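**Q** Got a sequence here, can you build the structure:
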Amino acid sequence: MPDRVIVEVDEDLSDLIPDFLIHKRNDIATIFEAVSHRDYAAISSIAHRLKGEGGSYGFDSMTEMGRGLENAAAIRDDGAVTTLARQLLSYLDHVEVVFQPSKD
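**A** Here you go, the predicted model:
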């Protein structure tokens with residue numbers, strides 16, 4: 001993964017993004033815990049949220065990883081879940097948010 005992943009986000013969301021990213025890190029911790037307990041329902045639920053929230057906030061890569069996690073949970077593939085959760089964590093470690101003026 002590159003040193004930085006730049007994501008442009010509408011400045012109207014600037015108050016929400018820091019907490020959003022913290023919650024995504026918490027979700028990743030929950031995924032790691034859930035995979036250790038083979039709780040695929042929890043993984044699928046988080047993955048489904050990631051799919052929707054990622055795109056809504058401008059984090060399209062997060063949406064794609066959420067889709068992959070949801071598919072991996074559906075087939076109960078612990079290795080794929082773990083790999084995708086690690087990729088998501090790396091993405092969050094490298095993401096740099098750049099706020100853009102609203103297009104209103």
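**Q** residue ranges for the helices of this structure, please.
**A** Here the chain has its helices, by DSSP state H, at 17-36, 40-57, 60-74, 78-94.
**Q** What pLDDT is listed against Asn71?
**A** Looking at Asn71, its pLDDT is 98.
**Q** now do Asp3
**A** 88.
**Q** Same question for the one 5 residues further on.
**A** Listed pLDDT for Glu8 reads 95.
**Q** For it, name its beta-bridge partners.
**A** Val98 (DSSP bridges).
**Q** what sits up against stretch 92-104?
**A** Residues from elsewhere that reach stretch 92-104 (Cβ atoms under 8 Å, 6 or more residues apart in numbering): 1-14, 17, 21, 24-25, 28, 59. Heads up, the C-betas are built off the backbone N, CA and C, glycines and all.
**Q** Out of those, which end up buried?
**A** Val5, Val7, Val9, Leu13, Ile17, Leu21, Lys24, Ile28, Phe59 (16 or more other Cβ atoms under 10 Å).
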